[in-house]
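>>> Fold the following, please.
(one chain, ligands or ions: 1)
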Amino acid sequence: MTLPISTILFQRSAQRRGRLALLILLGVAGATPLLAGTILSPNQRTEARIDKRAFGKLEDGTPIDIYTLRNRNGLQVDITPYGGTVVAIKTPDRRGRITDIVLGYADAKGYVSDISYFGALIGRYANRIARGRFTLNNVEYRLPQNNGVNHLHGGVRGFHKVVWQPREMTRAHGVALQLTYLSKDNEEGYPGNLAVTATYILSDANELRIEYSASTDKETVVNLTHHSYFNLAGAGMGDVLQHKVRINADRFTPVDDTLIPTGELKAVKGTPFDFRRATAIGSRINQADDQLVFGKGYDHNFVLNKQGQELSLAATVYEPASGRALEMWTTEPGVQLYTGNFLDKVRGKAGKDYNRNGAFCLEAQHFPDSPNRPAFPSTVLKPGERYTQTTVYKFMVRGAKEKP
Ligand code: GLA
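Coordinates of the predicted model:
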């Protein structure tokens, strides 16, 4: 039984407690998804709203703000226009204790020097392009080789290192921050002026929804994603090896030792990449498997089981001690599971250090190196077309005795 967080927020008056007891009984009978021990205090219930405050300055003196989105259930998401970055996500555990569940830094400066892409919007091309080269209409384009010989996450000054234009909005079921950015022709070597919009919407259904769109004036490639590092026990609270993950994928894209796909779509069956049933991240991560050796853990693209571009459930993650659970839905054909393999004493928010496997990322995406792989779903965008992508992270809690 999975509980939407909204159902665990109750006023603590004696009268209400009586009513709650009745509802719990109904819940036991299967009628209402309620659970004892999950009551939040009345002051944790809020109105949906957005607040803005200063978050620091860039080296050239540019002031950077941070926006806090709140929903009615006390969920809070902090976003800065620098890198379109999610700085904090605060959600209750099964006992109503609210904790920040994403890795990040205390101020804007931390994000300027960051090399881990904490919480950022990634573009123009998420993940790797082999040797930083691809050809479109017989023209070869060269991109910065910022990850060994390969190009990674849009380059040195990808979308994670630019200041986006923010606009506060209200939507039918929540509050939103719309971010826009114009990536100029030849920026980081990519062709075409690309006008990009990414809108973060925090709904009262406890979903953080990201809607992307883009258009170009010259044929180009586009692959956008979001790079939050989650630890459902709380950022900086140890590793995520006990988190149970389910991924709706029968196949994944194996890589070479520079993490470029070989082109094969390999069945997960019988491999440590079989997450079709909920499995702890740590249960197979150290197996003697070439793919795990290449990635230093999980750093792989899964081929989602789906028909087309429908918004479908890609992955579910559950942390048994806190009861927090996360669902990820996307319109994309793939998702990268990355288990924070390169984290090493990174000083984060609240004086916490982040280390290896201290978080997991679920990055919705087209497959890595698609511009060089005609058999993979295409990432080409032409003038007159519109790129769109929607990804939803839904936050929930589960009871102690529930199965993953
Ligand atoms: C992606 C890549 C990883 C790594 C992380 C961020 O998941 O595939 O190799 O770059 O981003 O460090």
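
>>> ok, how many other residues are close to the residue in the stretch 151-300 of the chain positioned nearest to the ligand?
Evaluated by CB to the nearest ligand atom, the stretch 151-300 of the chain has Asp299 as its residue closest to the ligand, separated by 4.7 Å. In short, each C-beta sits where N, CA and C put it, glycine included. The number of residues packed near Asp299 is 20, by other CB atoms under 10 Å.

>>> Surely it touches Phe360?
No - counting by CB atoms under 8 Å, Asp299 sits too far from Phe360 to count as a contact (10.7 Å).

>>> tell me, what's touching the two both at once?
Common neighbours of Asp299 and Phe360, using CB atoms under 8 Å, 6 or more residues apart in numbering, are Leu337, Tyr338, Thr339.

>>> The residue of the stretch 151-300 of the chain closest to the ligand pairs with what?
Beta-bridge partners for Asp299, by DSSP bridges, are Tyr338.

>>> mind checking how far it is from Val380?
The spacing between Asp299 and Val380, counted by CB to CB, to the nearest Å, is 25 Å.

>>> about what we covered before: by neighbour count, which of the shared contacts of Asp299 and Phe360 wins?
Thr339 (28 neighbours).

>>> How about the contacts made by the residue of the stretch 151-300 of the chain closest to the ligand?
Contact analysis of Asp299 by CB under 8 Å, 6+ apart lists Leu259, Gln336, Leu337, Tyr338, Thr339, Asn341.

>>> In contact with the closest residue to the second one other than its chain neighbours, which residues?
Closest residue in space to Gln336, ignoring its immediate chain neighbours: Glu363 at 4.1 Å, by CB to CB, 6 or more residues apart in numbering. Applying CB under 8 Å, 6+ apart, we find Glu363 in contact with Ile122, Ala126, Asn127, Thr225, His226, His227, Val335, Gln336, Tyr338.

>>> ok, now Tyr181?
If you count contacts by CB under 8 Å, 6+ apart, Tyr181 has them with Gly84, Phe159, Val162, Trp164, Gln165, Ala195, Val196.

>>> TSV for those residues, including pLDDT, secondary structure and distance to the ligand?
Below are these laid out as TSV (pLDDT from 0 to 100; DSSP: H, G, I helix; E, B strand; the rest coil; distance: CB to the nearest ligand atom, whole Å):
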residue	pLDDT	secondary structure	distance to the ligand
Gly84	98	coil	16
Phe159	98	helix	14
Val162	98	coil	18
Trp164	98	coil	20
Gln165	98	strand	25
Ala195	99	strand	25
Val196	99	strand	19
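
>>> farthest-separated two in these?
The distance between the two most remote of the contacts of Tyr181 (CB to CB) is 14.3 Å, for Gly84 and Ala195.
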